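Colleague: sharing a model prediction with you, sequence too.
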Amino acid sequence: MKIATAAYPLDILSSWSQYEEKIARWVGEAAGAGADLLVFPEYGAMELATLDGMEIAGDLERSLFSVSDKLAAADGVHAKLAAEYGVHIVAASAPAATATRPVNRARLITPDGQIGVQDKQIMTRFEREEWGVIGGGPLQVFETALGRIGILICYDSEFPLLGRALESCDIIAVPSVTEALAGYWRVRTGAMARALENQCVTAMSSVVGDADWSDALGTCVGAGGIFCPPDTGFPSTGVLAAAEICVPGWTYADVDLKTIANVRADGVVLNRAHWEEQLGRDKPALNVPLNRFSS
């Protein structure tokens with residue numbers, strides 16, 4: 001398959017049709033390049049709040065529910081395009097209202113109209129302390145015509161036990177938005193680590209550019225990237241493709257599921273199979289004894 005990951009700038013939208021045209025243009029470009037799986041970034045749907053005016057788009061609380069109210073219609077746009085082009089799409093994550101507080105939700109949309117939902121598990125300090133976004137439903141593995149796909153939204157990619165929960169996945173999508181170069185590299189490092197230990201491919205997407213109208217986003221720094229284990233059949237760098245920082249557009253890489261299967265079965269190292277040999281067997285030891293030495 002060919003994977004496309006987006007470095008996606010947010011716009012101030014004047015109409016719903018403008019949004020439809022933008023998504024159609026992005027999907028059409030990636031599909032035209034032969035992509036089978038398209039990955040949009042975390043909180044890329046926040047631009048939908050601008051349809052209710054800049055006062056609401058700039059309000060942390062009201063923008064959450066403004067976007068949530070439009071999420072079903074946005075999924076309809078993506079589903080139509082997925083069917084038209086025969087592609088799988090990880091739609092840009094968005095706040096989704098619940099009975100308590102909104103969650104940060106990505107959706108995997110298939111060409112035949114199925115929609116799988118994945119909520120972010122662990123909130124960043126901003127999400128939990130200022131925005132009031134909460135963790136949602138559990139991690140899922142999506143069995144698709146392209147293989148097994150999982151989603152770790154941004155900060156989630158930095159936690160190895162979440163990655164291990166998706167160890168059966170061939171592809172792990174990592175939608176992200178980061179406000180600084182350090183944030184980009186934290187997520188990228190996490191994505192590369194998950195590819196190493198699970199012996200799979202990870203596909204990172206990013207919001208890029210200025211969204212000064214939103215206190216939640218501001219200036220976004222990132223790039224698309226597709227990563228792999230630096231092992232048999234893959235580049236020795238662990239990088240299948242990586243774009244320049246803050247350059248909007250798609251980043252592409254070809255991925256063969258047989259290569260993933262081969263490296264898992266007979267790689268130079270077998271990280272995935274040897275996971276349980278760590279202290280604590282099924283998981284790393286949480287209470288390592290402290291040995292004190294006096295001088």
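Modeller: Nice, I can see it.
Colleague: report the distance from stretch 84-96 to the chain centre.
Modeller: 11 Å (C-alpha atoms, centre = their mean, to the nearest Å).
Colleague: return the residues in contact with D119.
Modeller: The neighbours of D119, taking C-beta atoms under 8 Å, 6 or more residues apart in numbering as the test, are A96, V103, N104, R105, A106, G135, G136, G137, I153. The C-beta positions use only the backbone N, C-alpha and C, and glycine is treated the same way.
Colleague: tell me which element S168 falls in.
Modeller: In the assignment (DSSP states H and E), S168 maps to no helix and no strand.
Colleague: any weak-confidence spans in the protein?
Modeller: The chain contains residues with pLDDT under 70 at 279-291, 294-295.
Colleague: what are the ranges of the strands in it?
Modeller: Secondary structure of the chain, counting by DSSP state E: strands at 2-8, 37-39, 88-96, 103-109, 115-119, 142-144, 147-151, 171-176, 201-207, 209-211, 218-220, 225-227, 239-242, 249-254.
Colleague: and the third one, what does it pack against?
Modeller: Same thing as strand 88-96. Applying 3 or more C-beta pairs under 8 Å, 6 or more residues apart in numbering; DSSP states H and E, one finds that strand 88-96 contacts strand 37-39, helix 60-85, strand 103-109, strand 171-176.
Colleague: try it again with 6 Å
Modeller: Counting contacts by 3 or more C-beta pairs under 6 Å, 6 or more residues apart in numbering; DSSP states H and E, strand 88-96 is packed against strand 37-39, helix 60-85, strand 103-109.
Colleague: so which of the strands of the chain is nearest F65?
Modeller: Minimum separation from F65 across these (C-beta to C-beta) falls at strand 88-96, 7.5 Å.
Colleague: ok, that closest one: who's next to it in the sheet?
Modeller: Partner strands and pairing direction for strand 88-96 (DSSP bridges) are strand 37-39 (parallel), strand 103-109 (antiparallel).
Colleague: list the beta-bridge partners for the residue nearest the centre of the chain.
Modeller: For the chain, the residue nearest the mean C-alpha position is P175 (2.0 Å; C-alpha atoms, centre = their mean). Judged by DSSP bridges, the bridge partners of P175 are S205.
Colleague: how many neighbouring residues does the closest residue to E167 other than its chain neighbours have?
Modeller: Leaving aside its chain neighbours, E167 sits nearest to N198 (5.1 Å; criterion: C-beta to C-beta, 6 or more residues apart in numbering). By the criterion of other C-beta atoms under 10 Å, N198 has 25 neighbours.
Colleague: any idea how far A106 is from N198?
Modeller: Here N198 is placed at a distance of 19 Å from A106 (C-beta to C-beta, to the nearest Å).
Colleague: pick the most deeply packed of the strands paired with strand 88-96.
Modeller: Each of the strands paired with strand 88-96 was scored by mean neighbour count; the highest is strand 37-39, a mean of 28, by mean count of other C-beta atoms under 10 Å.
Colleague: sounds good, over and out.
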